[in-house]
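[1] model the following, please.
(chains A and B)
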There are 2 protein chains.
Amino acid sequence: MADLAIGIDIGGTNTKFGVVDRNGHILEQGRTLTNDKSTPQDFIEDLFTKIQPMIERLGGKEKFAGIGIGAPNGNYYTGNIEYAANLKWPGIIPFASMMSTRFDMRVKLTNDANAAAMGEMMYGAARGMKHFITITLGTGVGSGIVIDGKIVLGHDGFAGELGHTIIRPGGRLHKGTHIHGPLEAYASATGMRETALEMLATQSDTPSLMRELKPEDITSQSVYEAAVKGDKIAQEVFAFTGQLLGEALANFVMFSSPEAIVLFGGVTKAGDMILNPTRQAMEANLVQVFKNKVKLMFSELKEADAAILGASALIWEA
Amino acid sequence: MADLAIGIDIGGTNTKFGVVDRNGHILEQGRTLTNDKSTPQDFIEDLFTKIQPMIERLGGKEKFAGIGIGAPNGNYYTGNIEYAANLKWPGIIPFASMMSTRFDMRVKLTNDANAAAMGEMMYGAARGMKHFITITLGTGVGSGIVIDGKIVLGHDGFAGELGHTIIRPGGRLHKGTHIHGPLEAYASATGMRETALEMLATQSDTPSLMRELKPEDITSQSVYEAAVKGDKIAQEVFAFTGQLLGEALANFVMFSSPEAIVLFGGVTKAGDMILNPTRQAMEANLVQVFKNKVKLMFSELKEADAAILGASALIWEA
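    Numbers count the residues shown, from 1 in each chain, chains lettered A, B, ... in the order given. Have a look, this model is predicted:
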């Protein structure tokens, strides 16, 4: 019986993959670099070389129901990866179809944030929920929206780009999109670093542990470490980031009225330092009917696992 | 055969109702005042007195599949009207159940903006579309969101309150919700009037036709009339309103990636005067993958008809 699936999470730097059973147990896993392959063909060949031995160890191809993939700008409807800014392969790549040919298996593909949301729904904090939103606070800000138990794809497969919604009109420039004031420019790890650098510059009389670091060593992690030690500016960075993130979440709640919002990614390692100001700002901007209803929580899954699990779940769902 | 339905659109001032066939033809219609009835019971009794003769003229109860209702803060899941700010009856009213008892018919209820979206999907500009958003620019700003051919209700039935999403953090106070900067404070007829009053005050040296009006006579309609005659401040009011509305629409597009956004309501009578700046601001704030894809259009239905048709459609859908 085909009761195993392969889940693959393609990232700009690393690609992780695993063999997953129907209960969400990852039986084997591995990883490879993504962008050192000059063509998608080379990349697929590398994946085949690494995954094929796993398939054979676990009983051969007939044990496998298929391959699920989460990829930047992956489109569920077409199976293509389209103009992904973080991948070096240009244009539109018929990735699902190429994988299917090479592995001789059924392949489903979606974008990486949607795969993570799927993992959360089937095996994580959102188990049993039919309405929730996942927000990944990493190098960028990704999102997956679930309504009535289904990932929202929109009419063209590109729905759920909440990191690009504008929260400060005319505000900070997003270097990738050249648009001012999107959530991603503030609530990503990159955005937090920029907030820290700005605050260190404008409050030049205020002492800060972060002044001991070289500017290039200031990251969301070092801001967190300083904040824990009582650093005033570092704490302000979290208060500000939480304020903006909370306002954005309030807008999302008034769109789809989810039961929960699940936060993932590097920035969430700060725990209550980011969660408390976010929750406070979210509640302050919700109209009465939504107040004190929405669970704001962290993912229960390791980030890499969520995406592998979610990608594999595409196969059970399809 | 039960091939007729009754559609009722409950508004803060007027309630409109009609008998509708499966093809969306309104065979008879009428209206009554809403808030001069001191209890929901009195209101239902009044509706019964006015609708019962229609039912008899059109062949009696067995011709009717049921009654669909759009109401402020109407909840599809419960059939209740819950804490509606524009209605004088307080608390939670089990309106669908009360109507069903009085008329001895099946009754479905949803909120008024969702009923309008349903009308647009079945009989209006969004015919055949599975992903679209309707925005009503009236006294307030209402919205209905359709994803995969279904109205988005959220986990509690209250999704789609896009008029309350924040577009100017810390901006204009919404008098009803006491929250700063929501779309409704700017893009409603009421918000446009406030923008006009503000601009007249801050640009006191600029001549304007609107200065000939008493402040209480300045409405979105009089702003429109002045703008058509070339009034500079009035034209600025539209440019500003369109800018903010367009930014908000961009955010909505990046949430659910709809095929179209359909605009309804009094403010849309200004035609291109509101549509052009709105479209321009929306496109300017969309990331590449969404640009020049979303149809921004006006409703094809008369506003009252849309809600009656949409309410009646609840019966065919259920």
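
[2] contacts, neighbours, all on C-alpha from now
    OK.

[3] how does chain A divide into domains?
    A:4-121+A:304-317, A:128-299 (automatic domain parsing).

[4] residues in contact with A:Pro40?
    A:Pro40 sits next to A:Trp89, A:Ile93, A:Phe95 when contact means C-alpha atoms under 8 Å, 6 or more residues apart in numbering or on different chains.

[5] now do the phi/psi pair for it.
    Dihedral pair for A:Pro40: phi -60, psi -30, per degrees, to the nearest 10.

[6] now swap in A:Lys61 and tell me
    The phi/psi pair for A:Lys61 (degrees, to the nearest 10) is phi -60, psi -30.

[7] where do the strands of chain A begin and end?
    Counting by DSSP state E, one finds strands in chain A at the ranges A:4-10, A:14-21, A:26-33, A:64-71, A:81-82, A:92-93, A:107-111, A:132-137, A:141-147, A:150-151, A:260-264, A:295-298.

[8] any residue of the fourth one touching chain B?
    No - shown here: strand A:64-71 not in contact with chain B (C-alpha under 8 Å from any C-alpha of the partner chain), separated by at least 15.6 Å.

[9] helices and strands around that strand, which ones?
    strand A:4-10, strand A:107-111, helix A:112-123, helix A:303-317 (3 or more C-alpha pairs under 8 Å, 6 or more residues apart in numbering or on different chains; DSSP states H and E).

[10] centre-most residue in chain A?
    A:Thr136 (3.9 Å; C-alpha atoms, centre = their mean).

[11] residues touching that residue, list them.
    So A:Thr136 contacts A:Ala113, A:Gly142, A:Ser143, A:Leu263, A:Phe264, A:Gly265 (C-alpha under 8 Å, 6+ apart).

[12] closest one to B:Glu161 among the domains of chain A?
    Comparing these by their distance to B:Glu161 (C-alpha to C-alpha), the top pick is domain A:128-299, with 5.1 Å.

[13] which bits of chain A sit near chain B?
    A:130-131, A:147-148, A:152-162, A:164-169, A:177, A:179, A:247, A:250-251, A:253-259, A:284-289.

[14] and the residues you listed, which of them are in helices?
    If you go by DSSP state H, these have A:Glu247, A:Ala250, A:Asn251, A:Val253, A:Met254, A:Phe255, A:Ser256, A:Ala284 in helices.

[15] sorry, back to before: same list, the contacts of A:Pro40, but as a markdown table with neighbour count please.
    Compiled in a markdown table, the contacts of A:Pro40 are given as follows (neighbours: other C-alpha atoms under 10 Å in any protein chain shown):
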| residue | neighbour count |
| --- | --- |
| A:Trp89 | 17 |
| A:Ile93 | 17 |
| A:Phe95 | 24 |
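
[16] quick check: the farthest pair among the ones in helices among the residues of chain A next to chain B?
    A:Ser256 and A:Ala284 (17.8 Å).

[17] tell me the pLDDT of the closest residue to A:Gly66 other than its chain neighbours.
    Of all residues not flanking A:Gly66 in the chain, A:Arg106 sits nearest, at 4.7 Å (C-alpha to C-alpha, 6 or more residues apart in numbering or on different chains). A:Arg106 carries a pLDDT value of 97.

[18] tell me which helix or strand of chain A sits lowest on mean pLDDT?
    helix A:303-317 (a mean of 87; mean pLDDT, DSSP states H and E).

[19] buried sites along that helix?
    A:303-315 (16 or more other C-alpha atoms under 10 Å in any protein chain shown).

[20] could you do stretch A:110-128 as well?
    So for stretch A:110-128, counting by 16+ other C-alpha under 10 Å, buried means A:110-126.

[21] look up phi and psi at the residue lying farthest from the centre of chain A.
    Residue farthest from the centre of chain A, counting by C-alpha atoms, centre = their mean, is A:Asp205 at 37.0 Å. Torsion angles at A:Asp205 (phi, psi; degrees, to the nearest 10) stand at phi -90, psi -10.

[22] that older thread, so which of the contacts of A:Thr136 wins on neighbours?
    Of all the contacts of A:Thr136, the most densely surrounded is A:Ala113 (28 neighbours; neighbours counted as other C-alpha atoms under 10 Å in any protein chain shown).

[23] so who does that one touch?
    Contacts of A:Ala113 by C-alpha under 8 Å, 6+ apart are A:Gly70, A:Thr134, A:Thr136, A:Gly142, A:Ser143, A:Gly144, A:Ala307.
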